[in-house]
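*Asks:* Have a look; sequence and predicted model below, questions after that.
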Amino acid sequence: MQWQQLRYFTAVAETRHFTRAAQREHVSQPSLSQQIRALERELGAELFHRARGHISLTDAGAALLPLARRILADTETARREVQEVAQLRRGRVRLGAPPSLCASLVPDVLREFRDRYPGIELLVHEDGSQDLVRALAAGELDLALVITPLTGQAPALATEELSREELVVISPPVEDERPLPAGPIAIEELRDRPLVMFRHGYDLRELTLAACQAAGFEPRFSVAGGEMDAVLSFVRAGLGLAVVPRMVAERAGLRTTRFLPPGLNRTISLAHRGDVSPPRAARELRRIILTHSGVAS
């Protein structure tokens with residue numbers, strides 16, 4: 001049973017005339033009659049009483065007509081649904097981003113996307129970079145803002161570098177017994193100082209550990225396992241120092257100390273699975289992200 005056959009059957013049933021039905025469907029009358037006969041053979045029943053000058057439905061035709069109309073209506077609905085997605089009137093985009101970027105780049109990007117495509121649902125997953133990479137590989141995200149280069153057993157992802165972000169040290173607003181120097185400091189200055197550390201899965205944890213180890217020491221944690229908001233609160237409460245992006249430090253209102261050149265930085269990239277092309281709505285969000293980051297798409 002073919003969709004076209006059902007269209008022809010419904011046209012004949014509604015016009016009660018083969019020639020007028022053929023004209024309505026923009027097909028030759030012999031071709032339409034042939035398709036109706038093929039449908040009847042497949043169903044094993046005649047659908048029309050064919051008398052000269054009079055066409056009427058058989059019992060089998062009367063039973064088929066409401067079902068055919070429903071199938072054709074559902075087919076038209078499916079066609080419109082697909083076209084709306086293709087034309088960015090409906091659909092969804094799943095974006096992952098670290099907390100620091102959810103509070104900076106992401107809101108402006110999503111606002112522009114929403115203004116352009118109000119019918120597209122936006123789903124944002126906030127997590128550490130390593131966890132976002134795993135979510136991308138599992139097909140749970142369309143796009144993700146991640147920190148590159150990717151570490152560990154990274155899946156085959158396509159990445160595009162967006163920017164480099166400076167990392168700084170934040171400290172409690174109240175002076176402690178051993179305050180940091182006023183000027184830029186070397187990584188070694190963190191030796192034997194209590195650090196508030198992010199949980200596993202955060203690139204900031206790995207970057208801080210790697211920098212300290214490269215300087216010849218293991219950092220000392222006062223608190224470990226926090227998310228971004230928790231880390232800022234712990235520092236504000238005087239539990240220790242933390243290494244965070246400079247833009248986060250500036251918003252937090254905490255004492256900020258920069259590192260000596262070349263400093264400590266991280267590279268922000270946009271990633272998606274390398275084995276499949278992102279959906280059209282995700283490709284449009286990618287274009288907006290690249291434009292906001294000053295990268296040609």
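*Replies:* That came through fine. Numbers count the residues shown, from 1 in each chain.
*Asks:* Retrieve the pLDDT associated with the residue nearest to L270 when sequence neighbours are not counted.
*Replies:* Leaving aside its chain neighbours, L270 sits nearest to E160 (4.9 Å; criterion: Cβ to Cβ, 6 or more residues apart in numbering). All C-beta spots, glycine's among them, are computed from the backbone N, C-alpha and C. Reading off the per-residue confidence, E160 sits at a pLDDT of 93.
*Asks:* swap in M197?
*Replies:* 94.
*Asks:* contacting residues around P194?
*Replies:* By Cβ atoms under 8 Å, 6 or more residues apart in numbering, the contact set of P194 is 220-222, 239-241.
*Asks:* how near is it to A186?
*Replies:* Counting by Cβ to Cβ, to the nearest Å, the separation of P194 from A186 is 18 Å.
*Asks:* which stretches of the stretch 1-150 of the chain have low pLDDT?
*Replies:* Within the stretch 1-150 of the chain, the stretches falling below the threshold (pLDDT under 70) are 84.
*Asks:* sorry, back to before: quick check: the residue nearest to L270 touching V295?
*Replies:* Yes. Between E160 and V295 a contact is recorded at 6.8 Å, counting by Cβ atoms under 8 Å.
*Asks:* hang on, isn't V248 packed against L101?
*Replies:* No. Contact criterion Cβ under 8 Å: V248 and L101 do not qualify, at 9.6 Å.
*Asks:* Mind splitting this protein into its structural domains?
*Replies:* 3-86, 91-163+267-292, 165-266 (automatic domain parsing).
*Asks:* Ends of the first one, what's the gap?
*Replies:* End-to-end distance for domain 3-86, by Cα to Cα, to the nearest Å: 22 Å.
*Asks:* How about stretch 86-98?
*Replies:* The first and last residues of stretch 86-98 sit 29 Å apart, counting by Cα to Cα.
*Asks:* contacting residues around L143?
*Replies:* If a contact means Cβ under 8 Å, 6+ apart, then L143 has 93-96, 270-272, 278, 282, 285-286, 289 as its contacts.
*Asks:* counting contacts, what elements does the helix or strand containing Q83 pack onto?
*Replies:* Q83 is part of helix 59-86, with elements assigned from DSSP states H and E. Taking 3 or more Cβ pairs under 8 Å, 6 or more residues apart in numbering; DSSP states H and E as the contact definition, the neighbouring helices and strands of helix 59-86 are helix 3-15, helix 280-292.
*Asks:* Can you lay out the ones you listed as TSV showing mean neighbour count?
*Replies:* Putting these into TSV (neighbours: other Cβ atoms under 10 Å) gives the following:
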stretch	mean neighbour count
helix 3-15	19
helix 280-292	18
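*Asks:* need those helices in TSV with distance to A156, can you?
*Replies:* Compiled in TSV, the helices and strands packed on helix 59-86 are given as follows (distance: least, Cβ to Cβ, whole Å):
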stretch	distance to A156
helix 3-15	39
helix 280-292	17
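*Asks:* number of nearby residues for the residue nearest to L270?
*Replies:* By the criterion of other Cβ atoms under 10 Å, E160 has 15 neighbours.
*Asks:* ok so it is a strand residue?
*Replies:* Yes. Secondary structure assignment (DSSP: H, G, I helix; E, B strand; the rest coil) places E160 inside a strand.
*Asks:* pull the CA atoms of stretch 139-156 into PDB?
*Replies:* Backbone C-alpha positions of stretch 139-156 (Å, rounded to 0.1, in the frame of the first residue of the first chain) are rendered in PDB as follows:
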ATOM      1  CA  GLY A 139      25.700  11.500  21.800                       C
ATOM      2  CA  GLU A 140      24.100  13.400  24.700                       C
ATOM      3  CA  LEU A 141      25.200  16.800  23.400                       C
ATOM      4  CA  ASP A 142      25.300  18.500  20.000                       C
ATOM      5  CA  LEU A 143      28.000  21.000  20.800                       C
ATOM      6  CA  ALA A 144      30.200  21.700  23.800                       C
ATOM      7  CA  LEU A 145      32.600  24.400  24.900                       C
ATOM      8  CA  VAL A 146      35.600  22.500  26.200                       C
ATOM      9  CA  ILE A 147      39.200  23.100  27.100                       C
ATOM     10  CA  THR A 148      41.900  21.900  24.700                       C
ATOM     11  CA  PRO A 149      44.100  20.100  24.200                       C
ATOM     12  CA  LEU A 150      41.900  17.200  25.300                       C
ATOM     13  CA  THR A 151      43.500  15.000  27.900                       C
ATOM     14  CA  GLY A 152      43.200  11.200  28.500                       C
ATOM     15  CA  GLN A 153      41.400   8.800  26.200                       C
ATOM     16  CA  ALA A 154      39.600  11.500  24.300                       C
ATOM     17  CA  PRO A 155      37.100  10.400  21.600                       C
ATOM     18  CA  ALA A 156      37.200  11.500  18.000                       C
END
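*Asks:* Good, we can wrap up now.
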